[in-house]
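**Q** this is a predicted model, with the sequence first.
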Amino acid sequence: MAVKTFTTGEVLTSADTNTYLANSGLVYITSAVVTSAVSSVTIDNCFTSTYDNYLVIGSNIGGSASVDLYCQMRYAGPTTQSTSYYQGIGGITYLGGLSTPLSGNNASAFTLGNITSGGPRKPFNMNVFQTVGFAGITIQTWDSNAGSFYSGAGYINASRTYTGLIFSTSSGTINAGTFRVYGYRQA
Amino acid sequence: MEPLLGIFHDALTGETIERELTAEEIAELEAFEQSPIEQ
């Protein structure tokens, strides 16, 4: 049972405490914080057999210039997966027009849109799905530079057990931000 | 030219280090930066 309602005066046993206090829907796994300029942020061993699905939250991400933020998956080694990324992420600008789509056809990374040194720092929520032999994502974010607001999905057409990820930029550096990884509790 | 730095965090050990990227890691970044997406 994933949820239990306690009643007034009921004895709270150690078994109930151990079970139900840990029964949160999202379980924090780890985080990486950027406080100075770096070219990449790597998080290894955050994806394990404990969970099938994960939530990655990026917040307050800033760059040295107007550059694209990329994400690649990592697997045993650890080795960076550098091919077979497919994605379709569409957006709408704050003026109501369509944004330039963030698409990928056997690309070398997922592209998550723009980060900047000024303007609002970039947030994103990215679900990571460890499906059988593949990894898929869904993402919502905004493009700091152009004022576009994105939503979409993608997957890697390469059969592996992915264990981590790496964020990097098209040029320049990531200057600020926090990347947190949570697991979706399964039972 | 300033060295390229990277943050490496291991969720298993909790260890985080910031270090210069190796030549191999820089090559990986440069490879996909040339053509990361097809639009």
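**A** The structure has been received and is ready for your questions.

**Q** going by C-alpha atoms from here, please, whenever you check contacts or count neighbours.
**A** Will do.

**Q** could I get the CA-only coordinates of the lowest-mean-pLDDT helix or strand in chain A as CSV?
**A** One helix or strand of chain A scores below all others by mean pLDDT, DSSP states H and E: helix A:14-20, with a mean of 83. Only the C-alpha atoms of helix A:14-20 are listed here, as CSV (Å, rounded to 0.1, in the frame of the first residue of the first chain):
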residue,chain,number,x,y,z
SER,A,14,8.7,1.8,13.3
ALA,A,15,7.5,-0.4,10.4
ASP,A,16,4.9,2.2,9.4
THR,A,17,7.4,5.0,9.8
ASN,A,18,10.0,3.3,7.6
THR,A,19,7.4,2.4,5.0
TYR,A,20,5.1,5.4,4.7
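
**Q** now the helix or strand that comes right after it: buried residues?
**A** Proceeding N to C from helix A:14-20, the next assigned helix or strand is strand A:26-34, under DSSP states H and E. Neighbour-count burial for strand A:26-34 flags A:Val27, A:Ile29, A:Thr30, A:Ser31, A:Ala32, A:Val33, A:Val34 (criterion: 16 or more other Cα atoms under 10 Å in any protein chain shown).

**Q** what do you get for stretch B:2-13?
**A** Those would be B:Leu4, B:Leu5, B:Gly6, B:Ile7, B:Phe8, B:His9, B:Asp10, B:Ala11, for stretch B:2-13 by 16+ other Cα under 10 Å.

**Q** who touches the first one in this structure?
**A** Read it as B:Leu4. Contacts for B:Leu4 were tallied using Cα atoms under 8 Å, 6 or more residues apart in numbering or on different chains; they are A:Val38, A:Ser39, B:Glu20, B:Leu21, B:Ile26.

**Q** which of those residues fall in helices?
**A** B:Ile26 (DSSP state H).

**Q** which among the contacts of B:Leu4 gets closest to A:Ser170?
**A** A:Ser39 (9.3 Å; Cα to Cα).

**Q** what is the burial count for the closest residue to the closest one other than its chain neighbours?
**A** Nearest non-adjacent residue to A:Ser39, counting by Cα to Cα, 6 or more residues apart in numbering or on different chains: A:Thr173, 4.7 Å away. If you count neighbours by other Cα atoms under 10 Å in any protein chain shown, A:Thr173 ends up with 26.

**Q** okay but A:Thr173 is in contact with A:Thr35, surely?
**A** No. Judged on Cα atoms under 8 Å, A:Thr173 makes no contact with A:Thr35 at a distance of 11.6 Å.

**Q** chain B: helices as residue ranges?
**A** B:23-34.

**Q** below-threshold pLDDT in it: ranges please.
**A** Chain B contains residues with pLDDT under 70 at B:1, B:32-39.

**Q** could you do chain A as well?
**A** A:1-2.

**Q** which residues of it lie near chain B?
**A** A:29-32, A:34, A:37-46, A:82, A:101-105, A:107-111, A:168-171 (Cα under 8 Å from any Cα of the partner chain).

**Q** now the buried members of these.
**A** Buried subset of the residues of chain A next to chain B (neighbour count, 16+ other Cα under 10 Å): A:29-32, A:34, A:37-46, A:82, A:101-105, A:107-111, A:168-171.

**Q** now, those that are in strands?
**A** In strands, judged by DSSP state E, the following of these are found: A:29-32, A:34, A:40-44, A:102-105, A:107, A:110-111, A:168-169.

**Q** one step back: quick one: contacts for the residue nearest to A:Ser39?
**A** A:Ala37, A:Val38, A:Ser39, A:Ser40, A:Gly63, A:Ser64, A:Ala65.
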